[in-house]
Each structure stands twice: as structure tokens, then as C-alpha cells.
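Undergrad: Let's see this in three dimensions:
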Amino acid sequence: MKRKYLVYCISVLALLLALIFLFWYGVGTINLGFIAITLSCLPVIIGTMALGLSNGLILALCFASISFFTGLSHPQGLIAPIFSAHVLWGAALCYLPRIMVPVVTHFLYQMVKEKKKALLAVPAAAGSLTNTVLFLGFIIILYGLLGIENAQLLGLIGTTVLVGGLPEAAVAALVCPPVILALRKSHLI
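TA: Below is the predicted model:
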């Protein structure tokens, strides 16, 4: 039984990792110019809710690594000055917020998983908002630490949260619960 579960976990992890790559490099980023709405955190959220915190952390590390290497190779927009200042600042910006997504998702999921099915939207939306708020919050902090002047930064960040972050959270709240319920119904989690 343990071996079957291990094979199942590896298979689901591989599928979710493939989705992260597909979302990052294909259909999962909606670029609106200065704002990019990314759906790459959805596999991390689903993986955390379905397979637990450790597997969610694996997915988050992969998501963060893709983000980091993309920032290294093609720094654009608000992250370009951070990566230009030092690669370690760029690493902190990419890894720390993404690592917190499964942590927040897992603990909220543990609180609501036995309650009403509609509450499954809470950890999904919270995981997405964790990614958005921490990533953009780190940008503000790093701009201050590095002494980068940008008069429009707070307005741009606020607009990004409203135009990008809230729709991302809504999509997570709509997509993740039915996936988790389907996995439960088929006795896969």
C-alpha cells in the first residue's frame, strides 16, 4: 500500500510540475504590459491541498526556481533593478514569497478541510494572495533597502494587486476546490 501511494504522489507531482512549466512558459501567464497575471501558483496550491505540505514545498521550490531563472535571463519591469543590484536580492524576491504559498495554504486547509465544501476556496485564495502580497511587498522593501527611487511604485503596486492579484485569487478560489473535491470523490486523497 505504501509503495502504491508513493507512486501516486510521484505521478501527481510530475503532472503538477509539468503544469507549472506549461503555465510559466505557455498558457498560464496573461501579460497585460506592466502587469502579468500568473496562474503558476495553482498547481502549488492544488498539490499542497492534495498531497500535503512537503510536496507543496517541492512544487513551490520549482515555481520559485523558474521565476528566478527567468528573472536572471530576462529581468523586466519592477524586478529588473533588483536583479541588477545583486543576484541574492533577486533570489530572495523569487524564493521567499513562493515558499510561503504552500505554508499558508496547508495551515488554512487543515482548518477547513472537514467543514463545508465552500470553505475550500479560502485556502486556495489565501495561497494566491500570499504569493501576490509577499512578492509585491518584497519589491517595495527591496527598493527601499537598495535606495531605488520610483515615485510611482506604490501606485503601480496597488494597481497590480487590484488588477492582477485579486483576479488570480478569484481564479484560485474557483478552480482549486472542484479539483480537490474530485480527487476526494475518486478516493485519491
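Undergrad: Give me the nearest residue to the residue positioned nearest the centre of the chain, chain neighbours excluded.
TA: Residue closest to the mean C-alpha point of the chain, counted by C-alpha atoms, centre = their mean, is residue 41 at 3.0 Å. Nearest residue to residue 41 in three dimensions, chain neighbours excluded: residue 131, at 4.8 Å (C-beta to C-beta, 6 or more residues apart in numbering). Using the backbone N, CA and C atoms, a C-beta is placed for each residue, glycine as well.
Undergrad: That neighbour and residue 180: what is the separation?
TA: Going from residue 131 to residue 180 by C-beta to C-beta, to the nearest Å gives 18 Å.
Undergrad: out of these two, which sits in the busier spot?
TA: Taking neighbours as other C-beta atoms under 10 Å, residue 131 and residue 180 compare with residue 131 leading, 28 against 21.
Undergrad: got the contact list for that one?
TA: By C-beta atoms under 8 Å, 6 or more residues apart in numbering, the residues touching residue 131 are 41, 97-98, 100-101, 168.
Undergrad: Check residue 95 too.
TA: Residues in contact with residue 95 (C-beta under 8 Å, 6+ apart) are 61, 64, 68.
Undergrad: top of these by neighbour count?
TA: Neighbour counts for the contacts of residue 95 (other C-beta under 10 Å) peak at residue 64, which has 21 neighbours.
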